[in-house]
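[1] Everything below, folded, please.
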Amino acid sequence: MRFRFARSTLFFLAGTALATGTPDAGRAAAPSVTLQSRPFGTTPDGKPVAIYTLHNTSGMTVRFLSYGGVIQSIEVPDRTGRPGDVVLGFDDLKGYTVDSAKGGLFFGALIGRYANRIAKGTFTLDGKTYHVPVTAPPNALHGGTRGFDKQVWTVTPTPVTRHTAGATLTLVSPAGDQGFPGALTVHVTYTLTDDNALQLHYQATTDAPTVLNLTNHSYFNLGGEGSGSIADEVLEVNADRYTPTDATSIPTGESVPVDGTPFDFRKAMPIGTHLRDDNQQIMFARGYDQNWVVNGPSGQVPRLAARVYDPHTGRVMEVLTSQPGVQVYTSNSLDGAYAGKGHKAYRQTDAVAFEAEHYPDSPNHPSFPTTTLRPGETFDYTTSFHFSVR
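    Down below sits the predicted model:
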């Protein structure tokens, strides 16, 4: 899916975005979404980082960083009109750049080159075997020791229309980066609409055959960041099948029906309904951390992958994607080692992540949708988070 923007001019003055939109009925129409930026500190190796703010007239505000493409906050109204931040994260850059002893948990970040796991950090492409760092023993997880989440991206504002504003984040990953072949150029465009949708449009090209899996790793709590467990939030997943894993979270290669299992969210139910079931897959992950096979064709127009509703605030979030799968993760590794923006410790089930992506370990499973990208091809997928109330 490609975005088409109306012709416009964008100016920056003292950190404030000013725009001239497309004329409407002979008069200049003010854009309903704005973009601003300001400094947000410096990485340990001396690179400056900026924070960008998208705001619309419907009461939604999104802040993201040039570091890791991190979505730092999303503020949306509840059913009373009161705005609240619905993603976990930190008030300063240090929270994102300094890991705990066991490693970071990818708060809000863009993930690549390969989101999710690769078994034993090894895959074969065109007869050659490649090795990437093992970061979640015995497997590779989320792109290596210095994945895309730990890079400073170049940010370029996109043309403003009357109903949208956004920016494109660009990163060039050299051949051999974290063991992956091919020099890769990645563009991810964040667009906020005036109907409270945040769109993420992923595009990438390579100069040599490689494998690629991109996603965003935001932790959502529609009750508000730091408000406690998401067990009572009501979840629907548009998937008839999921891919079970072994004890190390590597898929068995099967795609099995959700019918009669704790993974059947085709009819909406609270996330906590089966969270403590004596089920091998639940026990392996210590909660939900599985890939659902989203119904409908992938690679085309985004279709509904998941819908989550918080009965206390009335907030609803729909996840639409053109990716083939969605990994639903109930923040099973949060153990109180991180305190976030609300100065409260983050613990297990304090959030749920929706990682719209290809399946885990796809390079080692020929029956899965391919993650191979070749010269002349473009990786091109879109995911949208749409917010409303009921």
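[2] Spell out, range by range, the strands that occur in the stretch 51-200 of the chain.
    61-65, 71-77, 83-85, 109-111, 117-118, 122-125, 128-131, 140-141, 154-157, 164-173, 184-193, 197-206 (DSSP state E, counting those that start in this stretch).
[3] Can you add mean neighbour count and distance to Thr349 and give those back as TSV?
    Any C-beta I mention is one placed from the backbone N, CA and C, and that applies to glycine too. Converted to TSV, those look like this (neighbours: other Cβ atoms under 10 Å; distance: least, Cβ to Cβ, whole Å):
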stretch	mean neighbour count	distance to Thr349
strand 61-65	23	24
strand 71-77	23	19
strand 83-85	18	18
strand 109-111	26	21
strand 117-118	28	22
strand 122-125	17	32
strand 128-131	12	35
strand 140-141	25	20
strand 154-157	14	33
strand 164-173	22	30
strand 184-193	22	28
strand 197-206	22	24
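[4] Which residue, neighbours along the chain excluded, lies closest to Val237?
    Phe265 (3.9 Å; Cβ to Cβ, 6 or more residues apart in numbering).
[5] do the same with His217
    Computed as Cβ to Cβ, 6+ apart, the closest residue to His217 that is not its neighbour in sequence is Phe106, at 4.1 Å.
[6] I'd like to know how far that neighbour sits from Asp240.
    Using Cβ to Cβ, to the nearest Å, Phe106 is found at 28 Å from Asp240.
[7] So for these two, which residue has more residues nearby?
    Taking neighbours as other Cβ atoms under 10 Å, Phe106 and Asp240 compare with Phe106 leading, 25 against 16.
[8] Please name the residues that touch that one.
    Contact analysis of Phe106 by Cβ atoms under 8 Å, 6 or more residues apart in numbering lists His142, Asp149, His217.
[9] Closest one of the residues you listed to Lys47?
    Nearest to Lys47 among the contacts of Phe106 is Asp149, at 14.4 Å by Cβ to Cβ.
[10] Just grab the bridge partners of the nearest residue to the closest one once chain neighbours are set aside for me.
    Spatial nearest neighbour of Asp149, excluding adjacent residues (Cβ to Cβ, 6+ apart): Ala109 at 3.5 Å. With DSSP bridges as the criterion, Ala109 is bridged to His217.
[11] Where does the residue nearest to Val237 sit: helix, strand or coil?
    Applying DSSP: H, G, I helix; E, B strand; the rest coil to Phe265 yields a three-state assignment of coil.
[12] Let me know how buried it is, in neighbour terms.
    Quick note: Phe265 (other Cβ under 10 Å) scores 24 neighbours.
[13] Read off the pLDDT value for it.
    Note for Phe265: predicted pLDDT of 98.
[14] In terms of pLDDT, where does the closest residue to Arg303 other than its chain neighbours sit?
    Nearest residue to Arg303, sequence neighbours excluded (Cβ to Cβ, 6+ apart): Gly296, at 4.4 Å. pLDDT recorded at Gly296 is 97.
[15] Gly296 and Leu320 touch, don't they?
    No: judged on Cβ atoms under 8 Å, Gly296 makes no contact with Leu320 at a distance of 10.5 Å.
[16] quick one, longest helix in the chain?
    helix 280-285 (DSSP state H).
[17] now that one, how far from the chain's geometric center?
    Distance, stretch centre to chain centre, for helix 280-285: 23 Å (Cα atoms, centre = their mean, to the nearest Å).
[18] Please report how far the nearest residue to Lys150 once chain neighbours are set aside lies from Gly340.
    For Lys150, ignoring the flanking residues on the chain, the nearest one in space by Cβ to Cβ, 6+ apart is Gly68 at 6.2 Å. Separation of Gly68 from Gly340 (Cβ to Cβ): 16 Å.
[19] Closest to the centroid, which residue in this structure?
    Asn216 (1.7 Å; Cα atoms, centre = their mean).
[20] Verify the contact between that residue and Glu355 for me.
    Yes: using Cβ under 8 Å, Asn216 makes contact with Glu355 at a distance of 7.3 Å.
[21] shared neighbours, these two?
    Ile111.
[22] just to revisit the earlier point, roughly how far apart are the residue nearest to the centre of the chain and Thr382?
    Taking Cβ to Cβ, one finds Asn216 at 12 Å from Thr382.
[23] joint contacts of the two?
    Counting by Cβ under 8 Å, 6+ apart, the residues touching both Asn216 and Thr382 are Leu200.
[24] Name all residues that make contact with Ala165.
    Ala17, Ala19, Pro31, Val33, Thr34, Leu35, Leu54, Pro157, Thr158, Thr191, Leu192.
[25] ok, it to Tyr219 distance?
    25 Å.
[26] in terms of contact, does Asp194 touch Ser58 like I think?
    Yes: Asp194 lies in contact with Ser58 (Cβ under 8 Å); the separation is 5.8 Å.
[27] between the two, what contacts are shared?
    Ser32.
[28] circling back to that earlier point, now the strands of the stretch 51-200 of the chain as TSV including mean pLDDT and distance to Tyr96?
    Compiled in TSV, the strands of the stretch 51-200 of the chain are given as follows (pLDDT from 0 to 100; distance: least, Cβ to Cβ, whole Å):
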stretch	mean pLDDT	distance to Tyr96
strand 61-65	98	7
strand 71-77	98	8
strand 83-85	98	16
strand 109-111	98	8
strand 117-118	98	22
strand 122-125	98	28
strand 128-131	98	27
strand 140-141	96	17
strand 154-157	98	16
strand 164-173	98	15
strand 184-193	98	17
strand 197-206	98	18
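[29] TSV for those strands, including distance to Thr330?
    Below are these laid out as TSV (distance: least, Cβ to Cβ, whole Å):
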stretch	distance to Thr330
strand 61-65	23
strand 71-77	19
strand 83-85	19
strand 109-111	18
strand 117-118	17
strand 122-125	28
strand 128-131	31
strand 140-141	17
strand 154-157	31
strand 164-173	28
strand 184-193	25
strand 197-206	21
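[30] and Asp350, which of these is closest to it?
    Among those, strand 83-85 comes nearest to Asp350, with 13.3 Å by Cβ to Cβ.
[31] Quickly run through the sheet partners of that closest one, with directions.
    In the sheet, strand 83-85 lines up against strand 71-77 (antiparallel) (DSSP bridges).
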